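[1] give me coordinates for this.
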Amino acid sequence: MIPVSIVIVIYARWISDATTVFYALFRMFVQLILIGYVLIYLFDTKSPYLVVFVLCVMLIASSIISLRPLQKKDKVLYFRAFIAIAVGGIFTLIVVFAGVLDLTLWYEPRFLIPLSGMIFANSMNSVSVAAERFESEMNRKNSYTDARALSYKAALIPVINALFAVGLVSLPGMMTGQILSGVDPLIAVRYQIMVMLMILGSSGISTAIYLVLLRKSSLTIK
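    This next block holds a predicted model:
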């Protein structure tokens, strides 16, 4: 919390709004504590219906949060964000579970929920950046094609930067956790490669779908 307190002070002085950071921190603490208890229950029950319900809640929440930076929001935009994240995320999940992981149960919550969280969260962030950038570019009277290109590039900057940095600047959390738990580093590397690829794939596909769905409502179309 010491570094966070510095960020709060800077945020409050520069933006005159400290409540957003406090609210985000409060939600983070509450959500993580609650999800800890929920995961214990899910791992014990192993109900496919309950797991699917949790995934639906995650998708709905991610689509709502993804449009938070926008000035103008409506039900259609939320629906488009939901479709984009759901299609890109679920497609990537199917590929990972069918082609990479060897699981007895496809709905194994110990694997499905954490991996879905990684995929949906990164897709959400990419869609959020793309949505905000697209709105800004259209307000500047740019064409749909130019706005789409700039938005797509901006949305993938964090993911592509992570690809450049992994192993050189950072050891990602999943890989570090496996190594600390005693897993062979080469096996941890293989899992991390899978994670990085699925994040890039789901983020890129979800963002592309969202931007394509915006074509009909854009001010200028090429």
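[2] tell me the helix or strand right after the lowest-mean-pLDDT helix or strand in the chain.
    The helix or strand of the chain with the poorest confidence is helix 173-180; it has a mean of 72 (mean pLDDT, DSSP states H and E). Next helix or strand after helix 173-180 toward the C-terminus (DSSP states H and E): helix 185-213.
[3] that following helix to helix 173-180, inter-axis angle?
    Put simply, helix 185-213 runs at 170 degrees to helix 173-180, going by axes from the mean of the first three to the mean of the last three Cα atoms, to 10 degrees.
[4] related to what we said a few turns ago, which helices and strands sit right next to the least confident helix or strand of the chain?
    In terms of contacts (3 or more Cβ pairs under 8 Å, 6 or more residues apart in numbering; DSSP states H and E), helix 173-180 is packed against helix 185-213. Placement of C-beta: from N, CA and C, glycine included.
[5] any idea of the mean pLDDT for the helix it packs on?
    The average pLDDT for helix 185-213 rounds to 90.
[6] please identify the buried residues of it?
    By neighbour count with 16 or more other Cβ atoms under 10 Å, helix 185-213 contains the buried residues 188-189, 191-192, 194-196, 198-211, 213.
[7] who does it touch, helix- and strand-wise?
    When contacts are defined as 3+ Cβ pairs under 8 Å, 6+ apart, helix 185-213 sits against helix 75-99, helix 109-139, helix 144-165, helix 173-180.
[8] so that helix versus helix 75-99, what angle?
    For helix 185-213 against helix 75-99, the angle by the same axes, to 10 degrees is 150 degrees.
[9] so how far is helix 185-213 off the chain centroid?
    How far helix 185-213 lies from its chain's middle: 10 Å, per Cα atoms, centre = their mean, to the nearest Å.
[10] now that helix against helix 109-139, angle please.
    Between helix 185-213 and helix 109-139, the angle comes out at 40 degrees (the same axes, to 10 degrees).
[11] show me how this protein divides into domains.
    1-43, 46-217 (automatic domain parsing).
[12] from the ones you listed, which stretch is densest packed?
    Burial of these is given as mean neighbour count (mean count of other Cβ atoms under 10 Å); domain 46-217 ranks first at a mean of 17.
[13] now that one: how far from the chain's centre is it?
    Relative to its chain's centre, domain 46-217 lies at 4 Å (Cα atoms, centre = their mean).
[14] outside of stretch 18-35, which residues touch it?
    Contacts to stretch 18-35, defined as Cβ atoms under 8 Å, 6 or more residues apart in numbering, come from residues 4, 7-8, 11-12.
[15] let me fix that, I meant to ask about stretch 198-212.
    With Cβ under 8 Å, 6+ apart as the test, stretch 198-212 has contacts from 80-81, 83-85, 87-89, 91-92, 95-96, 115, 118-120, 122-123, 125-127, 130-131, 134, 148, 151-152, 155-156, 159-160, 162-163.
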